[in-house]
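Trainee: sequence unknown, structure follows:
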């Protein structure tokens, strides 16, 4: 069994680290959020106070971080991963970043005699809980095979995508397709509602017909149709608008660099920006269904509930 450092124990990192513990690995975790650290500790992760402490004698290190700037800081900072990683460890970033940041990680690791594999994931929080994530690995073939063994307890699929940066390139294209699917699902769900169709009946039709998609099966934006969909919980985030905007923006940026025309992705990006402008960046990305509604309301979404929660008095204890 391996000793694994896990940096970033949020909605994705916490269950992922827990599955590594369940597989028999020793996992040392780091997160700035005390609540996230406590939740990971409840799964058997040993919480430590620094990246250096997590990496001491580690066989592998995984990172799960929100944005490219966080990845660059955690890897390249004075107290970061590159400064403290053992030469024998395999370093893997599961975050969704731009291709340039991923290649920077590869190049900086190589300059220091370290091993890095880009290892982005697909499957969302449900996949993280069910250890059914898809890992998209990029790097030298021997390094990718080492990474494959480490990520197996968290994965339903592990796919070697190619050389350095190939994993993150696959992830950006895949997530771009997801957000376009979310937009199509959202519009279809609202049209079906306004045409008087029973939501579950329409969902069953679409699920076995040409309207099917992963988004429809997992995130349908109407209450009481898909059990784990955010629509059942006032659109509390499984994949937030802010993070979706980040990922979609990175895909559009890649289109600009490569010259690929992405009109549908740009429309999805504009809708996410519209939700952020309305103050909904922290809600689930499937709230874009609200933009298809004739009057801007959405069954399953009560803005007043959020306002009431934020205005509630903070409980005190003697």
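Mentor: Thanks, I have it. Remember, it's a predicted structure, so these values are computed and weren't measured experimentally. Numbering: from 1, shown residues only.

Trainee: So which bits of stretch 34-51 are buried?
Mentor: For stretch 34-51, the neighbour count (16 or more other CB atoms under 10 Å) marks 36-37, 39-41, 43, 45-48, 51 as buried. In this view, the C-beta of every residue, glycine as well, is placed from N, C-alpha and C.

Trainee: Could you do stretch 222-234 as well?
Mentor: Buried residues in stretch 222-234 (16+ other CB under 10 Å): 222-223, 225-226, 229-232, 234.

Trainee: returning to that earlier point: which ones among the buried residues of stretch 34-51 map onto helices?
Mentor: Using DSSP state H, the members of those that fall within helices are 36-37, 39-41, 51.

Trainee: re earlier: which one among the buried residues of stretch 222-234 gets closest to residue 84?
Mentor: Ranked by distance to residue 84 (CB to CB), the buried residues of stretch 222-234 are led by residue 230 at 37.8 Å.

Trainee: wait, the closest one sits on residue 240?
Mentor: No: in this structure residue 230 lies outside contact range of residue 240 using CB atoms under 8 Å: 9.7 Å.

Trainee: Any buried residues in the lengthiest helix in the chain, and which?
Mentor: Secondary structure of the chain read by DSSP H shows that its longest helix is helix 166-194. Neighbour-count burial for helix 166-194, counted by 16+ other CB under 10 Å, picks out 166-172, 174-186, 188-190, 192-193.

Trainee: that older thread, now do the shared contacts for residue 230 and residue 240.
Mentor: Shared contacts of residue 230 and residue 240, defined by CB atoms under 8 Å, 6 or more residues apart in numbering, comprise 283-284.

Trainee: I'd like the buried residues of stretch 222-234 as JSON lines, with secondary structure appended.
Mentor: What follows is these, written out as JSON lines (DSSP: H, G, I helix; E, B strand; the rest coil):
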{"residue": "222", "secondary structure": "coil"}
{"residue": "223", "secondary structure": "coil"}
{"residue": "225", "secondary structure": "coil"}
{"residue": "226", "secondary structure": "coil"}
{"residue": "229", "secondary structure": "coil"}
{"residue": "230", "secondary structure": "helix"}
{"residue": "231", "secondary structure": "helix"}
{"residue": "232", "secondary structure": "helix"}
{"residue": "234", "secondary structure": "coil"}
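
Trainee: could the residues you listed go into CSV alongside distance to residue 84 and pLDDT?
Mentor: Shown next, in CSV, are the buried residues of stretch 222-234 (distance: CB to CB, whole Å; pLDDT from 0 to 100):
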residue, distance to residue 84, pLDDT
222, 48, 98
223, 47, 98
225, 47, 98
226, 43, 97
229, 41, 96
230, 38, 97
231, 43, 98
232, 43, 98
234, 42, 98
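
Trainee: could these go into CSV alongside distance to residue 212?
Mentor: Formatted as CSV, the buried residues of stretch 222-234 follow (distance: CB to CB, whole Å):
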residue, distance to residue 212
222, 16
223, 20
225, 14
226, 13
229, 15
230, 19
231, 18
232, 20
234, 26
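
Trainee: Of these, just say which sits nearest to residue 246.
Mentor: Nearest to residue 246 among the buried residues of stretch 222-234, with distances taken as CB to CB, is residue 230, at 17.8 Å.

Trainee: The closest one and residue 189, how far apart?
Mentor: 13 Å (CB to CB, to the nearest Å).

Trainee: Please enumerate the shared neighbours of the two.
Mentor: Shared contacts of residue 230 and residue 189, counting by CB under 8 Å, 6+ apart, come down to residue 221.

Trainee: confidence score at the closest residue to residue 152 other than its chain neighbours?
Mentor: Of all residues not flanking residue 152 in the chain, residue 158 sits nearest, at 6.6 Å (CB to CB, 6 or more residues apart in numbering). Listed pLDDT for residue 158 reads 98.
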